[in-house]
Every structure is written in structure tokens, then in C-alpha cells.
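Visitor: Show me the folded form of this:
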Amino acid sequence: MEKQNAKSLMPTIAVIGGGASGLLVVHQLFNEFKRLNQKNFKVLWFGKEKVFGLGAAYSTKNKEHLLNVRTEGMSAFPDDPLHFWNWASKLQKIEKTSFLPRTLYGEYLQELIPHDLHLEQINEEVMEIHPIPIANKPGNKFECITINKVYLADYVVLAVGHLFPKKKPAEPNEISDISKIAEGSKVLFIGTGLTMVDGVLTLLSRDNPGKLTAISRRGLLPRVHSFYQKHSPTLKFEEWLKGENYSLRSSFKMMVEECQNAMLNGSDWRSVFDLIRPKVPKIWSHFSTKDRKRFLRHVVRYWDIHRHRMAPDVFQQLENAKNSGTFQVIKGSLDQISKSDFDAIVDCRGLSMDIRACDSPLIQQLIQIKILKLDDPSLGAQVGSEEIKNIDLVGPILRGRDWESIAIPELRVQAKEAAVRVANWFSPP
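Guide: Presented below is the predicted three-dimensional model:
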């Protein structure tokens with residue numbers, strides 16, 4: 001295995017993850033080093049993706065796949081909230097409240113990739129990372145190991161994106177690539193969340209979409225976005241948000257009461273969910289372990305369908321398909337149906353709810369050597385060694401800490417904060 005020459009290295013940052021999280025980190029790193037007039041650095045950006053910067057969500061080619069957040073909320077930069085809208089408005093007249101195709105957002109992200117000699121994109125998956133001591137100095141470097149080479153880095157940012165469960169043995173008719181499903185097929189989608197919605201939309205765009213069925217234990221579909229009059233929170237709700245003493249029971253009670261108040265005053269429950277979103281990490285951090293586990297056992301499905309909503313046009317397509325008999329949703333378990341009745345099965349059950357069972361060999365290795373410490377419950381992980389300061393985490397891996405940690409509005413803040421820490425590491429203020 002080839003090994004990088006340590007003596008020739010300038011200060012080097014390894015960004016692990018070739019999706020949107022990784023891109024936001026890379027772009028912010030260049031912004032920070034430019035601000036500090038630091039020119040002596042190198043960024044190694046690792047990813048197994050064919051096209052860097054998109055991830056699964058924004059690599060779609062289907063224009064029916066729309067953003068689930070309004071244009072005004074999708075800026076890549078926390079300090080420039082209308083950046084995406086301004087970019088898109090140069091192409092065509094666009095309302096700030098519109099839901100644009102994810103293909104267009106992918107083009108936007110691609111334009112944010114720095115074209116700079118200080119950036120090296122490495123189309124390989126990092127399988128292991130090991131801290132190594134620095135001779136006659138405090139601190140450490142890292143060996144980032146791919147199948148073909150060992151790379152050295154002074155700082156590592158893990159931005160690995162969504163972590164999915166390890167794949168179980170596939171059903172005889174299970175298909176992961178929807179484009180390979182024949183027209184007119186009878187298709188079963190396991191799960192009824194937004195991943196399923198994408199799959200159904202893909203098949204509905206065909207001349208003969210077939211017969212489409214989605215099944216989940218509760219049969220719940222994501223709710224739809226709608227326009228609403230902004231809700232002015234009650235004094236009781238505002239005081240609660242400013243507090244420090246949160247429990248699942250009190251939080252559930254306050255949300256229900258405030259949603260009722262919003263609707264009585266001409267607004268909408270959606271306004272309350274949008275209002276509370278930036279406060280969720282604080283509230284989640286004060287939940288006891290018992291409350292977090294209760295949330296995941298009893299509440300999360302209902303939270304998700306209200307929090308992660310569909311664009312109105314997407315909702316209408318599903319309604320039309322249901323009314324025509326092309327699409328149906330079943331409430332129940334897989335034991336209640338015969339899988340052999342379907343030509344194709346698509347598993348849409350989403351993210352791993354236990355990081356110990358995720359499909360990333362790198363994350364498993366970092367947990368094993370205690371660079372990462374499991375949260376409780378083990379939704380995600382955090383840096384586990386007080387001695388190692390030169391590693392950062394961005395994205396869904398922080399769900400255990402923040403809960404809200406998978407969408408652009410949160411990722412852009414995390415990326416900015418991580419880039420500031422990295423830059424200060426090399427150029428202390």
C-alpha cells in the first residue's frame with residue numbers, strides 16, 4: 001500500500017464524506033482560510049460518490065423530486081439566508097416560497113465546489129482512521145486509510161452524511177435501483193416516509209407506472225406544506241422556550257397547546273413546528289435518556305410526518321395516484337401480506353436508529369478504537385477522547401446530540417462552526 005510522504009506535507013485537513021455535508025464543510029474551510037489570509041494549507045476531500053457534493057438527495061435526475069423546504073430556507077450559508085434564492089432568481093423568476101426541483105439545487109451545490117489547487121478530491125472510501133503521535137511534539141496527526149493508500153492529515157472533519165442500517169439478505173425480488181423495475185410492475189415499498197415518496201414519483205413519471213403499494217406499521221404519510229399566516233407565540237410558549245427544564249411530557253403538552261392556539265388565531269400547526277425547529281437541539285439536550293428512548297419508541301413517527309413535510313405539488317401527485325387506483329397505502333406488518341404477489345420490493349425504511357448497526361466500516365472502526373463515543377440512546381456519536389482535539393463531526397452523526405441534524409438549515413450552521421474551529425486550530429486568534 002502506498003504511503004504519503006509525511007515530510008512534504010503542508011498543514012492538511014481531511015474532509016471525509018463526498019455528499020452535501022462534505023461540500024458545505026469544504027466551502028466554509030476555504031472561506032475561513034481566505035478570511036485569515038492563510039494560504040499554506042491543503043484540503044483532502046474523500047468520497048465514494050461519482051459526483052462530489054450532491055449525496056443521495058441531490059444526485060437525482062428526476063425533476064419531479066422537489067425540495068421539501070421552501071427556496072428561501074435552502075441557502076448554503078447561515079449568514080446569507082437568501083443566497084440560494086438569489087442564485088436561482090438569476091435563472092428564472094422564482095417566488096421565495098416555491099419548492100424547486102432537487103436537480104436545480106444540485107447544480108447550485110456544484111457551483112460551490114472550490115476550484116483551487118489547495119483542494120484535492122479523492123474518489124476513494126476511507127476505511128480506517130488512526131491517530132499517530134508527532135515526534136517531539138504534543139498532539140497527533142491522523143492516518144486516513146483507503147484500499148489503495150495511506151494519507152496523512154493534521155485535522156479530520158467527519159461529514160459522512162446519512163448512515164443506513166447494514167443490509168440484510170435481500171428478498172428474491174428486492175431491488176435497490178428503481179430504474180431497473182420494469183414498466184407495469186406491481187411494486188411494494190416498505191416504509192411510507194419521504195424515501196418512499198421519491199420512489200413512487202419516479203414510477204409515476206412513466207407511461208405505465210404499474211400498481212404501487214406502500215406499507216408501514218402505522219400507514220402514516222408525511223403531511224403537506226401549506227401557506228399560513230405567521231403565528232405569534234403565546235407568552236407561556238415563549239417563556240417555555242427560554243427555559244432549561246424540559247421533559248418529553250411537558251414538551252408534548254406545550255406543542256399541542258400552542259398548535260391549538262395557532263389554529264384558533266387564524267394560523268396553522270405548521271407555524272409552530274417551524275418556530276420550534278431551531279430550538280430542538282436545546283430541548284433535546286435537556287431530555288433525560290429515558291425521555292429520549294420514549295420519544296423514539298412512541299413519538300418519533302408522528303413527529304417525523306409533521307416535521308418532514310411534502311411539497312404541495314408532490315402531495316397532489318400522490319393524491320391523484322391514490323384516486324386513480326395506481327397507488328395505495330397499507331397499515332400493517334409485512335407478515336400480513338404475501339411478498340410473492342409483487343414483481344419488485346423496495347426497502348424505504350430510512351436511517352439507522354442505532355449507529356452500532358450502521359453500514360459504515362469507518363464509523364464502526366472509530367467506535368471500536370474509542371475515537372467516537374456512543375450517545376445514549378445510540379442514535380449517533382461524539383468525539384470520545386479528550387486528548388484528541390483535532391477532529392470534528394458534521395451531519396447526521398450528531399443526531400444523538402442535536403436530533404435536528406440531517407437537513408441543510410442545520411448542516412450549514414454545523415459546517416460553518418467546524419470550519420471556524422479548524423481555521424483557529426492552525427491560526428489561533
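
Visitor: What residues sit buried inside stretch 299-314?
Guide: 303-307, 309-311, 314 (16 or more other CB atoms under 10 Å). For the C-beta atoms, the positions are set from N, CA and C on the backbone; glycine is no exception.

Visitor: how about these in JSON lines, adding secondary structure?
Guide: Below are these laid out as JSON lines (DSSP: H, G, I helix; E, B strand; the rest coil):
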{"residue": "Trp303", "secondary structure": "helix"}
{"residue": "Asp304", "secondary structure": "helix"}
{"residue": "Ile305", "secondary structure": "helix"}
{"residue": "His306", "secondary structure": "helix"}
{"residue": "Arg307", "secondary structure": "helix"}
{"residue": "Arg309", "secondary structure": "coil"}
{"residue": "Met310", "secondary structure": "strand"}
{"residue": "Ala311", "secondary structure": "coil"}
{"residue": "Val314", "secondary structure": "helix"}
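
Visitor: Adding distance to Val329, write these out as TSV.
Guide: Listed next are the buried residues of stretch 299-314 as TSV, based on distance: CB to CB, whole Å:
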residue	distance to Val329
Trp303	19
Asp304	15
Ile305	12
His306	17
Arg307	19
Arg309	16
Met310	13
Ala311	18
Val314	15
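
Visitor: Could you find the closest non-adjacent residue to Met196?
Guide: Distance criterion CB to CB, 6 or more residues apart in numbering; nearest residue to Met196, sequence neighbours excluded, is Cys348 at 4.1 Å.

Visitor: wouldn't that neighbour be in contact with Ile190 here?
Guide: Yes. Using CB atoms under 8 Å, Cys348 is in contact with Ile190, at 6.0 Å.

Visitor: okay, and the common contacts of these two?
Guide: The contact sets of Cys348 and Ile190 overlap at Ala214 (CB atoms under 8 Å, 6 or more residues apart in numbering).

Visitor: What is the nearest of the buried residues of stretch 299-314 to Ser185?
Guide: Val314 (21.6 Å; CB to CB).

Visitor: Residue ranges in the chain under the pLDDT threshold?
Guide: Scanning the chain for pLDDT under 70 picks out 1-9, 136, 138, 429.

Visitor: where does the nearest residue to Glu111 once chain neighbours are set aside land in three-state SS?
Guide: Nearest residue to Glu111, sequence neighbours excluded (CB to CB, 6+ apart): Trp87, at 7.6 Å. With three-state DSSP as the basis, Trp87 sits in helix.

Visitor: what about Trp87, how many neighbours?
Guide: 20 (other CB atoms under 10 Å).

Visitor: these two touch, right, it and Gln110?
Guide: No. With contact defined as CB under 8 Å, Trp87 does not count as touching Gln110 (11.5 Å).

Visitor: So which residues of the stretch 301-429 of the chain form helices?
Guide: 312-324, 361-368, 399-402, 408-426 (DSSP state H, counting those that start in this stretch).

Visitor: Are there helices or strands packed against the last one, and which ones?
Guide: To tie it back to what came earlier, the one meant is helix 408-426. Here helix 408-426 is seen to pack against helix 20-35, strand 155-158, strand 391-393 when contacts are counted using 3 or more CB pairs under 8 Å, 6 or more residues apart in numbering; DSSP states H and E.
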